[in-house]
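# coords please:
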Amino acid sequence: MADKPSFILETEGLDAGYGKKQALFSVDFRSPSNAIVAIIGPNGAGKSTLLKVLMGLMPIWHGAVLVDGRRVNQWSLNDANARQIAYVPQGNRVFDELTVAENLEVCSLHLSRSELRSRLDSVLELFPALSRRLKQLASSLSGGERQMVALGRAMIREPAVLLLDEPSAGLSPSLSREVFDNIRKINGDLGVTVLVVEQKVREIVGICSSVYVLRLGRVAFAGSPGALMSDPARLKELFL
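Alright, predicted model coming up:
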């Protein structure tokens with residue numbers, strides 16, 4: 001029997017961009033299974049671009065994405081969905097004109113009623129505050145509640161990997177702490193690998209097992225959060 005790959009999601013020499021403008025340059029990235037991996041760096045560093053490529057929302061110019069050790073040179077949204085990769089973009093994006101329940105159900109049309117009920121129960125156990133909001137329009141929710149709906153909608157799919165793009169953006173410090181607590185629960189209780197692009201550096205490195213710093217589209221640091229945070233001069237240099 002072949003050994004299980006050490007990394008659930010990787011890139012090799014990844015180049016990608018928008019139109020003719022290159023945004024990622026020879027990016028080598030590895031995420032172990034059942035880990036929280038932080039992707040940080042200054043604005044415009046290519047962090048969100050990396051998540052979009054990993055989700056199949058942007059084409060690979062050069063290099064490859066590897067999933068469970070399988071190397072592919074072109075990667076699509078359908079491939080990501082089939083491999084149980086879910087993505088929550090920046091901005092707590094929900095469908096304002098739908099109720100909370102409808103938002104949670106919108107990605108589950110392929111499920112039977114019993115499967116949907118089971119998955120909804122799991123999401124509501126993870127986010128019990130949503131139980132009281134199921135019939136409420138998403139447009140009336142607070143920022144923290146909208147983030148819970150966005151996370152819950154992704155978790156309905158029971159992903160193996162969850163990609164989060166700045167999940168604490170625009171939230172108060174107390175709501176941000178809730179988001180980071182939820183990330184820990186999703187990883188620790190459900191065994192989901194979580195890749196997080198985040199601007200709140202100290203908060204995210206406090207819960208992750210490894211960290212990547214992107215700068216000008218290249219990997220400027222890859223290692224443990226302890227190694228990064230123990231060198232303030234290096235950290236400051238990376239974010240200049």
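# for the chain, longest helix please?
When the chain is parsed with DSSP state H, its longest helix is helix 173-190.
# Report the buried residues of that helix.
Within helix 173-190, the residues scored as buried using 16 or more other Cβ atoms under 10 Å are 175-176, 178-180, 182-183, 186-187, 190. For the C-beta atoms, the positions are set from N, CA and C on the backbone; glycine is no exception.
# okay if I get these as TSV plus pLDDT and distance to Ala86?
TSV is the format used below for the buried residues of helix 173-190 (pLDDT from 0 to 100; distance: Cβ to Cβ, whole Å):
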residue	pLDDT	distance to Ala86
Leu175	88	21
Ser176	90	21
Glu178	90	19
Val179	90	16
Phe180	94	18
Asn182	92	14
Ile183	94	13
Ile186	94	10
Asn187	95	13
Leu190	91	12
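# The longest helix of the chain - contacts with which helices or strands?
In terms of contacts (3 or more Cβ pairs under 8 Å, 6 or more residues apart in numbering; DSSP states H and E), helix 173-190 is packed against strand 36-40, helix 113-126, helix 143-155, strand 193-197, helix 201-205.
# Now for the nearest residue in space to Val94 that is not next to it in sequence: which residues touch it?
Spatial nearest neighbour of Val94, chain neighbours left out: Ala138 (4.3 Å); criterion: Cβ to Cβ, 6 or more residues apart in numbering. By Cβ atoms under 8 Å, 6 or more residues apart in numbering, the contact set of Ala138 is 94-100, 103, 146, 149.
# again, only this time at 6 Å
Residues near Ala138 by Cβ atoms under 6 Å, 6 or more residues apart in numbering: 94, 96, 98, 103.
# how about those residues in CSV, adding secondary structure, pLDDT and neighbour count?
Shown next, in CSV, are those (DSSP: H, G, I helix; E, B strand; the rest coil; pLDDT from 0 to 100; neighbours: other Cβ atoms under 10 Å):
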residue, secondary structure, pLDDT, neighbour count
Val94, coil, 90, 24
Asp96, coil, 92, 12
Leu98, coil, 94, 16
Asn103, helix, 92, 25
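# Spit out the contact partners of the spatially most central residue of the chain.
Nearest residue to the geometric centre of the chain (Cα atoms, centre = their mean): Leu163, 1.7 Å. By Cβ under 6 Å, 6+ apart, Leu163 lies in contact with 51, 55, 87, 195.
# returning to that earlier point: tabulate the helices and strands packed on helix 173-190 (CSV), appending mean pLDDT, distance to Leu14 and mean neighbour count.
Output for the helices and strands packed on helix 173-190, formatted as CSV (pLDDT from 0 to 100; distance: least, Cβ to Cβ, whole Å; neighbours: other Cβ atoms under 10 Å):
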stretch, mean pLDDT, distance to Leu14, mean neighbour count
strand 36-40, 97, 13, 25
helix 113-126, 89, 32, 14
helix 143-155, 91, 23, 22
strand 193-197, 97, 14, 25
helix 201-205, 93, 22, 18
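# Tell me which of the ones you listed lies nearest to Tyr212.
Tyr212 sits nearest to strand 36-40 of all the helices and strands packed on helix 173-190, at 5.0 Å, using Cβ to Cβ.
# Counting by contacts, list what that closest one packs against.
strand 193-197, helix 201-205, strand 210-215 (3 or more Cβ pairs under 6 Å, 6 or more residues apart in numbering; DSSP states H and E).
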